[in-house]
Each structure stands twice: as structure tokens, then as C-alpha cells.
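*Asks:* generate coordinates for the sequence data below:
(2 chains, ligands or ions: 1)
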Amino acid sequence: MSDTTPLCPRCAHETIEHITGSPVPGVWEVLQCVRCLYMWRTTEPARRTRRDAYPEEFMLTPEDIGTAPEVPAVPPLRLPGAGAATR
Amino acid sequence: MAYDDFRGFLDTLRKEGQLLHIADEVMPEPDIAAAANAAPRLGGHAPALYFDHVKGFTDARIALNVHGSWANHALALGLPKETGTKEQVEEFIRRWDTFPVAPEWRGNPLWAENTLEGEDADIFRVLPLIRLNDGDGGFYIDKAAVVSKDPADPEHSGKQNVGIYRIEVKGRRTLAIQPVPMHDIAQHLHTAEERGEDLPVAITLGNEPVISIVASTPMEYDQNEYELAGALRGAPAPLSRAPLTGLPVPWGSEVVIEGVIEGRKREIEGPFGEFTGHYSGGRNMPVIRIDRISYRTDPIFEHLYLGMPWTEVDYLIAANTCVPLYKQLRRDFPEVQAVNAMYTHGLVVIVSTKKRYGGFAKAVGMRVLTTPHGLGYAATVIVVDEDVDPFDLPQVMWALSTKMNPAGDLVQIPNLSVLELAPQAITPGITDKLIIDATTPVAPDRRGTYGTQVRDLPETAEWLARLRKLTAAR
Ligand SMILES: [Zn+2]
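*Replies:* Numbering: from 1, shown residues only, chains lettered A, B, ... in the order given. Take a look at the predicted model:
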């Protein structure tokens, strides 16, 4: 890793969190983007770790994240005593 | 013979020449996944892979492709490694007939040796996590059995569930899980979320091989996976209670992670290279909070590569997808001879059947689409005659080549349900489905100019067995 201010390879966000380091000190770090939650190891190939080499088909925009479908959908609350029995 | 833990099975694989130890130092990425991607291309006797020299780790142990060939699948069931596919499915059907076999409760589980709790329950301290495919959103755990209970009926052991779901590592104590609506755990979560509750889960990794098979079998909602494990093993499944949640987990697992699926919460997950051989997009999915990790000393991380078929997952969910479909079809249609649902988790299903009368094969095809598994998966059904072996694709292609006339033999049914991961659907979750009738028409369906068919010589079956024995003994 030569880049001292890494950018999220996937969504270009600038806030990157350090998650963990290699048990053998100094070999690699695991980083995560706080926006799209992409996680990577610094020793992975450039196509997974560098914004400029990241494949376009895997990129995510804030809009993609905002409009991502919910799987599975959160059901309506049915509080106890509200009538309808749960299955 | 039954294995009580993962290491016992690895020993058998080693003795049978079905475990390849890679002693050279490898990079966590892309080496390990690339090797597991390549392994099934070695054919029906492809070995499992074992890595214990991974750069940057001090004591990583990673096993992949453990179920990734017919030879390994046979050994998992305690069969000789040369056992043919069709024979393995037939044996699976016979053993299922002894279901249910009650589990055996045992003390001193192997995973109780070490514990991390609360803030210390950092998954990176236990597992040498690695990425599989280029576009995956992070590191995944995709061969763990996830145990949960029906919150509305927690004492009903049949309604508890043991299933394999994709799990993304989102942080030191945070995971994501994909409960597809057709799956039992999604029903548990639905009930918990209606009540505004979290759903407790136990995630068990490095299980004896039959646990992975039953956890990926499309059983009915109130059937107990451990009781099927007992039937398939020929011996009760050894279980223990997970310490935090009290959930029943295998006695011999390498790692048991406990926590909750946090109710009514969704967060961005994925993409992940799925069993369909395509990536799922990024979606908002449930989140797991890890509260406790129990593990054997020097745990082995069992992982599974999946991508463009065939990969390990296609072996793991082959026989166990065929058998429930076979059993459900036979209830209504005893004419059904065999079911091959082993192409991409049964998105294509091939059924061989006798015919009661003209049009009967199409009825069998329609029944496939309405089985519980068919509702979520079967998109194309190919129906062949009773003398065609659906596991023998050249024979199936022969039937398509000579017996299928699109005039009347293709039945397209619009807008049926399918799981949302099926890439061919225009609206995710909805697709047209196709029945291909490649059987010989029988009265009163008079189509085609079928003369007398060439059949196997009466002595052929005997010679097949003899040749197999001779080949195996070489
Ligand atoms: Zn990002």
C-alpha cells in the first residue's frame, strides 16, 4: 500500500475505517468504506483496491445505496394484544 | 460410517487421496479463491484443498472444496468414492426413508475450548477471512449452518431451522445475512420483526459433512434437519446446546458464533457472486450482532467458492435438491422414476416418468412447478421417458433431439414466482416458466412417426456393474 489517503475503490468516499491488521505485523491491513461498507485487504490486486483500477460494473453510487431494494421487506409491527394473531 | 466432526472427515479425505495440502505460502487473495475456482475442473474426483501457509497470518487453516466432487460427496455419505451420481441419489432416497432419527445430546462439545465474549468477540481474531470473487462487497462466510427457532413456537423442534445462507462480514462484530423469503429462517425473522424483537441465531462453522448437506436440503418447514442428518448418517447426530442462546448446534463444530439478527434493521450488503454464476446487486439486508464466539483450538475455516458452475456449491446442493422433489412428486405420481434437479440448484429440473395416458408428462411437469422448491427455483422442466436416465445428459439430449416437437411439447406459463436472484427474470422474483415434454407420445396423443426404439441389450446393466468394478480395482 503506497497510497496514504486511500479512497473507497467502489464509491470514491473519503472516509475509510481501519478494521484490522495482519497477525504478522505490517503485512496487510483490512479497510472499510463507512458509506458503502466495501471491505478490502490492502494486498489484494489493484482491481479490488484502487479507485482508478476498479471495474465500472462493480461501482456503487450514493444513489444506488439509497435505492437498493430491501430483502426481505420489514413487515408491519403487530404488537401483542393488537388483535391479529401471528402465524 | 458417520463422522462426528469436521477433522474426522478431513482425515478420510486424506487417506482416500481426496485432500490436497498446499504447503507453499499463498496470498489470501486472489490465490485461495482462484485455486478453489479451479479445483472442480479436475473432474468428478476433484480433491478438497487445505491451506495452512497464508501470507500475513500466523496460524490460518483454510479448507475448501470439501464437497466439491462426486467422489467427496460419496465419502461424506460413507459410500465408496467411485459411487456413481445416480446411485448416490438412490442411496440418499433410501436413507431418507428412515427419517426422522432423533439426535443424541452430548456434553463437552469440541468448540467449547475457547471463548470470546462481548467487545472481545472479534471475528477477525478467529477466522482467516478471505474474499472469493472480484466484485464481492467484502469477505463472506458461506458454508456455515445457521440455527434459529420459530419465535411463535420455540419448543417445536421441527420448526427450528438449520440452513446455509450467505453471510457478509461487515465489521469485527457485525455480519449481514440473506434470508431469501422462500427460506425457513425468513419466516422466523418475519415473526420476530412483527413483534419488534431480535432473532437469536447460532452460526456453526466447520461441521461434519452431513450437516452441510442437510443444512442445504430444501426440507419442509416443520421437518428437522438434525433428524435428517441422523437418517443420512445412519447414526444420531451429536448435538450440544450453544451456551448463550441455548440453540441446538453440532457437538463437533470448529466454531460457534452466537448473536442476534437485529429486528427491523436493514443495511447495504453485497454484491456477491452467487450460485447462479452471476452477481446479486447491492441490496439492503438484515444485520447480525455477534455476542459470543466459541471455537476449537486452532480452528479450521471451512469455506466454499462459488461462481460459474460447476463449483463446490453445485455438488453440495445436487443430490439433496433431487430427493425432496422426487419424494413429493411420487406422492401424486408413482410413475415418476427419477428426478435430476442438480443444475444450478434446480433452476432446471429433469424428470423421467412412465405415462398413464397422452398428456400425462406435462401434468408431471406442472406438478414440479408447484412443489415448495419448484415455487422458488424450477424455471425449466424437461420431462423424459422412463427409460431415459435424467442424470445422463447425452440421453436427455437424445430425447430432446428426437422426441420433442415444439408444436405441442413446449408449455410456457407466464409470470410465476422464482427467487429474486434468478438473473433471467425481467422483474426480479417473477418469470415465465417452461415445460419441455421430451417423452414419446402415447394414446390418445398421436404425433410423430416413432418406429421401434433401440433398447439396451438385456445384459448391459450387468456389464456396466462389472466394468465399474474392474475400473475401480485398477
Ligand atoms: Zn465506498
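
*Asks:* stretch B:65-79: how far from the chain's middle?
*Replies:* 13 Å (Cα atoms, centre = their mean, to the nearest Å).

*Asks:* convert the C-alpha atoms of that stretch to CSV, please.
*Replies:* Output of stretch B:65-79 as CSV, limited to C-alpha atoms (Å, rounded to 0.1, in the frame of the first residue of the first chain):
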residue,chain,number,x,y,z
ASN,B,65,-13.9,-27.8,-2.0
VAL,B,66,-14.6,-30.3,0.7
HIS,B,67,-17.9,-31.4,-1.0
GLY,B,68,-16.6,-30.4,-4.4
SER,B,69,-16.8,-33.6,-6.4
TRP,B,70,-18.9,-36.7,-6.6
ALA,B,71,-16.0,-38.7,-5.0
ASN,B,72,-16.1,-36.4,-2.0
HIS,B,73,-19.9,-36.3,-1.8
ALA,B,74,-19.8,-40.1,-1.8
LEU,B,75,-17.3,-40.2,1.1
ALA,B,76,-19.4,-37.7,3.0
LEU,B,77,-22.2,-40.2,2.9
GLY,B,78,-19.8,-43.1,3.8
LEU,B,79,-20.0,-44.6,0.3
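
*Asks:* show me what the nearest residue to B:Leu400 once chain neighbours are set aside is bridged to.
*Replies:* What sits nearest to B:Leu400 in space, not counting adjacent residues and going by Cβ to Cβ, 6 or more residues apart in numbering or on different chains, is B:Ala438, at 5.1 Å. C-beta here means a position set from N, CA and C on the backbone, and glycine is covered the same way. On the basis of DSSP bridges, B:Ala438 is bridged to B:Val384.

*Asks:* B:Ala438 is in contact with B:Asn405, isn't it?
*Replies:* No. Shown here, B:Ala438 and B:Asn405 do not form a contact pair, counting by Cβ atoms under 8 Å, at 9.6 Å.

*Asks:* which regions of the chain lie under the pLDDT threshold?
*Replies:* Since you didn't name a chain, this refers to chain A. Along chain A, segments meeting pLDDT under 70 span A:1-5, A:80-87.

*Asks:* which residues does the residue nearest the centre of it contact?
*Replies:* What sits nearest the mean C-alpha location of chain A, by Cα atoms, centre = their mean, is A:Leu37, with 1.7 Å. Going by Cβ atoms under 8 Å, 6 or more residues apart in numbering or on different chains, A:Leu37 touches B:137-138, B:170, B:267-269.

*Asks:* the residues you listed also near chain A: which ones?
*Replies:* Checking these against chain A by Cβ under 8 Å from any Cβ of the partner chain, the ones in range are B:137-138, B:170, B:267-269.

*Asks:* now for those residues, which pair is the farthest apart?
*Replies:* Greatest spatial distance among these (Cβ to Cβ): B:Gly138 and B:Glu267, at 12.4 Å.

*Asks:* what's the overlap in contacts for the two?
*Replies:* With Cβ under 8 Å, 6+ apart as the test, B:Gly138 and B:Glu267 both reach A:37, B:170.

*Asks:* look at the two and report which has more neighbours.
*Replies:* B:Gly138 (23 against 17; other Cβ atoms under 10 Å in any protein chain shown).

*Asks:* could you find the closest non-adjacent residue to that one?
*Replies:* Nearest one to B:Gly138, counting by Cβ to Cβ, 6+ apart, is A:Met39 at 3.6 Å.

*Asks:* check contacts around the one you found.
*Replies:* A:Met39 touches A:19, A:30-33, B:137-139, B:169-170, counting by Cβ under 8 Å, 6+ apart.

*Asks:* got it, and B:Arg292?
*Replies:* Contacts of B:Arg292 by Cβ under 8 Å, 6+ apart are B:115-118, B:121, B:243-244, B:257-259.

*Asks:* so which bits of stretch B:289-300 are buried?
*Replies:* B:289-296, B:299-300 (16 or more other Cβ atoms under 10 Å in any protein chain shown).

*Asks:* check the secondary structure at B:Ala341 for me.
*Replies:* Under DSSP: H, G, I helix; E, B strand; the rest coil, the three-state class of B:Ala341 is strand.

*Asks:* which residues does it contact?
*Replies:* Counted by Cβ under 8 Å, 6+ apart, B:Ala341 has contacts B:318, B:321-322, B:325, B:348-350, B:373, B:377-378.

*Asks:* where along chain B do the helices fall?
*Replies:* B:6-15, B:31-38, B:70-76, B:85-96, B:184-194, B:209-215, B:225-233, B:312-316, B:319-332, B:360-370, B:372-376, B:393-403, B:406-409, B:460-472 (DSSP state H).

*Asks:* now these in a markdown table, with mean pLDDT?
*Replies:* As requested, the helices of chain B are exported to a markdown table (pLDDT from 0 to 100):
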| stretch | mean pLDDT |
| --- | --- |
| helix B:6-15 | 98 |
| helix B:31-38 | 97 |
| helix B:70-76 | 98 |
| helix B:85-96 | 96 |
| helix B:184-194 | 97 |
| helix B:209-215 | 98 |
| helix B:225-233 | 98 |
| helix B:312-316 | 97 |
| helix B:319-332 | 96 |
| helix B:360-370 | 98 |
| helix B:372-376 | 92 |
| helix B:393-403 | 97 |
| helix B:406-409 | 96 |
| helix B:460-472 | 88 |
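
*Asks:* and the ion, which of those is closest to it?
*Replies:* Each of the helices of chain B has some distance to the ion by Cβ to the ion; the shortest is helix B:31-38, at 21.5 Å.

*Asks:* helices or strands next to that closest one in the packing?
*Replies:* With contacts taken as 3 or more Cβ pairs under 8 Å, 6 or more residues apart in numbering or on different chains; DSSP states H and E, helix B:31-38 sits against strand B:48-51, strand B:62-64.

*Asks:* what does that helix contact?
*Replies:* Around helix B:31-38, the neighbours that count as contacts under Cβ under 8 Å, 6+ apart are B:22, B:26, B:49, B:51, B:54, B:62, B:64-65, B:68, B:130-133, B:303-305, B:307, B:311-312.

*Asks:* neighbours of the residue of the stretch 351-474 of chain B found nearest the ion, how many?
*Replies:* The stretch 351-474 of chain B approaches the ion most closely through B:Leu421 (23.1 Å), counting by Cβ to the ion. By the measure other Cβ under 10 Å, the count of residues near B:Leu421 is 24.

*Asks:* again, but for B:Glu262
*Replies:* 18.

*Asks:* go ahead and confirm it touches B:Asp291.
*Replies:* No. Between B:Glu262 and B:Asp291 there is no contact under Cβ under 8 Å: 11.3 Å.

*Asks:* chain A: strands as residue ranges?
*Replies:* In chain A, the segments counted as strands under DSSP state E are A:16-21, A:29-33, A:39-41.

*Asks:* could you do the stretch 51-200 of chain B as well?
*Replies:* Chain-ordered strands for the stretch 51-200 of chain B, with DSSP state E, counting those that start in this stretch as the definition, fall at B:62-64, B:104-105, B:114-117, B:140-141, B:145-148, B:161-164, B:167-171, B:174-177, B:199-205.

*Asks:* in JSON lines: those strands, plus distance to the ion.
*Replies:* Putting the strands of the stretch 51-200 of chain B into JSON lines (distance: least, Cβ to the ion, whole Å) gives the following:
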{"stretch": "strand B:62-64", "distance to the ion": "27"}
{"stretch": "strand B:104-105", "distance to the ion": "46"}
{"stretch": "strand B:114-117", "distance to the ion": "28"}
{"stretch": "strand B:140-141", "distance to the ion": "18"}
{"stretch": "strand B:145-148", "distance to the ion": "27"}
{"stretch": "strand B:161-164", "distance to the ion": "28"}
{"stretch": "strand B:167-171", "distance to the ion": "13"}
{"stretch": "strand B:174-177", "distance to the ion": "15"}
{"stretch": "strand B:199-205", "distance to the ion": "26"}
